[in-house]
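Participant: Below are the sequence and a predicted model; questions follow.
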Amino acid sequence: MKIILIIASFLVLTAYADLAAQRAQLIKTQTECETKLGEPKNLIKKMVLGEDIGDRQKAGKMAICINHGKGHMNEAGELIPDKFKAHVEELVEDEDQRKKIIDTCGQIKGSTPEEGALNYMKCMQDNLPRATAKDFD
């Protein structure tokens, strides 16, 4: 029984460490994009917390930069299907939830690449485990 508890604890800690590492990499990518583009600052945090993101055109360029930096979107704001799927598989264990996210967020929707990138980020935020303000401190 103790062995099962130890293994379960290890798996939970490993999953938490992996999620923390992914979020840290995301923030690093965002910081690199902020250096390159300037505004808006803290786009991911603002989107997660439902705060005003400011100029949607600039925010959309930032969204493209961040997602391109993560490797699952090209510079034109189009998802790279196999990399997007791998990204979802990396983030979500449950097969039904993966399928839902791939079906729901896998098609960029927007009249411009910037709008599409923002809509994609919103879709992912709505369908992935929720981050909180403390994840960005």
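Facilitator: The structure has been received and is ready for your questions.
Participant: Could you export stretch 100-110 as PDB, CA atoms only?
Facilitator: Taking Å, rounded to 0.1, in the frame of the first residue of the first chain, the C-alpha atoms of stretch 100-110 are listed here in PDB:
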ATOM      1  CA  LYS A 100     -12.400  18.100 -28.100                       C
ATOM      2  CA  ILE A 101      -9.500  20.600 -28.000                       C
ATOM      3  CA  ILE A 102      -8.200  19.600 -31.400                       C
ATOM      4  CA  ASP A 103     -11.700  19.800 -33.000                       C
ATOM      5  CA  THR A 104     -12.600  23.100 -31.200                       C
ATOM      6  CA  CYS A 105      -9.300  25.000 -31.400                       C
ATOM      7  CA  GLY A 106      -7.600  23.400 -34.500                       C
ATOM      8  CA  GLN A 107      -9.200  25.700 -37.000                       C
ATOM      9  CA  ILE A 108      -8.100  29.300 -36.900                       C
ATOM     10  CA  LYS A 109     -11.100  31.600 -36.900                       C
ATOM     11  CA  GLY A 110     -10.800  35.300 -37.700                       C
END
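Participant: what about it, average pLDDT?
Facilitator: The pLDDT scores in stretch 100-110 average 92.
Participant: May I see the buried residues of it?
Facilitator: For stretch 100-110, the neighbour count (16 or more other C-beta atoms under 10 Å) marks Ile101, Ile102, Cys105, Ile108 as buried. Placement of C-beta: from N, CA and C, glycine included.
Participant: distance of the first one from Leu26?
Facilitator: Ile101 sits at a distance of 16 Å from Leu26 (criterion: C-beta to C-beta, to the nearest Å).
Participant: likewise the second one?
Facilitator: Distance check for Ile102 against Leu26: by C-beta to C-beta, it reads 19 Å.
Participant: List the buried residues of stretch 40-53.
Facilitator: Quick answer for stretch 40-53 (16+ other C-beta under 10 Å): Pro40, Asn42, Leu43, Ile44, Lys45, Lys46, Met47, Val48, Ile53.
Participant: among those residues, which two are most distant?
Facilitator: Across those, the longest distance by C-beta to C-beta is 13.6 Å; it joins Pro40 and Val48.
Participant: same for the strand or helix carrying Met47, what does it pack against?
Facilitator: Using DSSP states H and E, Met47 sits in helix 43-49. Counting contacts by 3 or more C-beta pairs under 8 Å, 6 or more residues apart in numbering; DSSP states H and E, helix 43-49 packs against helix 2-37, helix 56-70, helix 113-127.
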